[in-house]
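In: A structural model of the following input is requested.
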Amino acid sequence: MTQPRPGKLICVGTGMRMAGQLTPLARSYIETADVVVAAVPNRFARKWLQDIAKEYICLLDYYADCDIEGKNRHDTYRRMSATILEEVRSGKTVCAAFYGHPGIFACIAHMAIKAARAEGYDAEMLPGISAEDCLVADIGIDPGATGMQSMEATQFMMFERKLDPTALLVLWQPYIAGDLTRKRFDTTAARLQVLVDKLARDYPLDHPVILYEAATNPLETPRMDTIALRDLPNAVLNGITTLVIPAAYNLKRDQAVVDQLNALPEALPELAQTA
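Out: All right, here's what the predicted structure looks like:
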């Protein structure tokens, strides 16, 4: 069996509101790793990480790459991933820390882990509390009640996606909705109108939607503004805004399948005991 090469990568999440949302295992890796490489926008969280890490490397300055002609967000993400890999290749135990969950809308962690494993290094991801977790708790949504659909806003606009308006829909990153250049960190009313027009194929224009933002420090309260779908182009959207669209219609019973299930014979006793 091939032994892993010296050097290890652990990607962790700090939660949306780090105080109380950081798991004990994630904190342990942050404290004991040779170096912490982080992309955490909250300045208080960054200061805390800097204070407890043996060595700290901040990746946020890399976003300035987006100001360079010809570069897009994915160029920046690849550079961030490469920086993480450089530390792993030097034989260090590297803890890469991201706010929220390291694997949800955090392609840097996925890229770094894939590259590290391909080169023979141990690499793993630990779960963190994401914006989706906070959304479920703050708004009081049970994804099991009607089902839940979740996708990135621009991806939804670009591709043919079949929506189920009897289920909850969560659209991420509406603040960059419709940006096909991958170079901007904002959107326009015209692009948001395109999004509304596409959603109007399945939802009434007066359907209430929620603009949600998770609290990122103990002094904040989450944003949960309800507006009509038609008013989205004029709404204030921030970098952490998520568009939550409740079900517009009741579930419709598929009686043919229900009848088919009812017609099935009961399980044999011996099968039921082993199930």
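In: distance between the helix or strand where residue 244 lies and the chain's centre?
Out: Element membership for residue 244 (DSSP states H and E) is strand 242-245. What separates the centre of strand 242-245 from the centre of its chain is 13 Å, taken as CA atoms, centre = their mean, to the nearest Å.
In: so where's the protein shaky on pLDDT?
Out: Applying pLDDT under 70 to the chain picks out residues 1-4, 19, 65-71, 182-184, 267-275.
In: tell me the domain boundaries of it?
Out: The chain resolves into domains spanning 8-129, 132-245 when parsed by automatic domain parsing.
In: Tell me which of the ones you listed lies nearest to residue 264.
Out: Closest to residue 264 of the domains of the chain is domain 132-245 (CB to CB; 23.7 Å). Bear in mind the C-beta positions are built from the backbone N, C-alpha and C, glycine included.
In: Kindly check the end-to-end length of that closest one for me.
Out: End-to-end distance for domain 132-245: 13 Å, by CA to CA, to the nearest Å.
In: Repeat that for stretch 167-187.
Out: Stretch 167-187 end-to-end distance (CA to CA) = 26 Å.
In: in this structure, which residue is closest to the centre?
Out: residue 104 (3.1 Å; CA atoms, centre = their mean).
In: Just list the residues touching the nearest residue to it once chain neighbours are set aside, thanks.
Out: Of all residues not flanking residue 104 in the chain, residue 130 sits nearest, at 4.7 Å (CB to CB, 6 or more residues apart in numbering). Taking CB atoms under 8 Å, 6 or more residues apart in numbering as the criterion, residue 130 is in contact with 13, 16, 100-101, 104.
In: Could I get the full set of strands for the protein?
Out: Along the chain, counting by DSSP state E, strands occupy 8-13, 35-39, 56-58, 93-98, 122-125, 148-152, 168-172, 208-213, 223-228, 242-245.
In: Identify whichever of the ones you listed lies nearest to residue 25.
Out: Once the strands of the chain are compared by CB to CB, strand 8-13 is nearest, at 7.9 Å.
In: from the chain's centre, how far out does that closest one sit?
Out: Counting by CA atoms, centre = their mean, strand 8-13 comes out at 16 Å from the chain centroid.
In: again, but for stretch 44-61
Out: Per CA atoms, centre = their mean, the centroid offset for stretch 44-61 relative to its chain is 21 Å.
In: Next, the residues that contact it from outside, please.
Out: 14, 18, 30-31, 33-41, 80, 83, 87, 95, 97, 99, 108, 217.
In: Buried ones among these?
Out: By neighbour count, with 16 or more other CB atoms under 10 Å, those hold 14, 18, 30, 33-40, 80, 83, 87, 95, 97, 99, 108 as buried.
In: how much space is there between residue 162 and residue 60?
Out: Per CB to CB, to the nearest Å, residue 162 is found 37 Å from residue 60.
In: These two: who's more crowded?
Out: Neighbour tally, residue 162 and residue 60, criterion other CB atoms under 10 Å: the higher count belongs to residue 60, 13 against 6.
In: Tell me the buried residues in stretch 217-230?
Out: Neighbour-count burial for stretch 217-230 [16+ other CB under 10 Å]: 222-223, 229-230.
In: let me fix that: stretch 235-248
Out: Residues of stretch 235-248 classed as buried by neighbour count (16+ other CB under 10 Å): 235, 237, 240-248.
In: Out of those residues, which comes closest to residue 188?
Out: Closest to residue 188, out of all of the buried residues of stretch 235-248 and judged by CB to CB, is residue 237, at 10.7 Å.
In: Tell me if I'm right that that closest one and residue 175 touch.
Out: Yes - counting by CB atoms under 8 Å, residue 237 does reach residue 175; the two are 4.3 Å apart.
In: okay, now the closest residue to residue 177 other than its chain neighbours: neighbour count?
Out: Take residue 177 and drop its neighbours on the chain: the residue closest to it by CB to CB, 6+ apart is residue 153, 4.2 Å away. Around residue 153 sit 24 other residues, with neighbours defined as other CB under 10 Å.
In: who touches residue 153 in this structure?
Out: Contacts of residue 153 by CB under 8 Å, 6+ apart are 171-174, 176-178, 195, 243.
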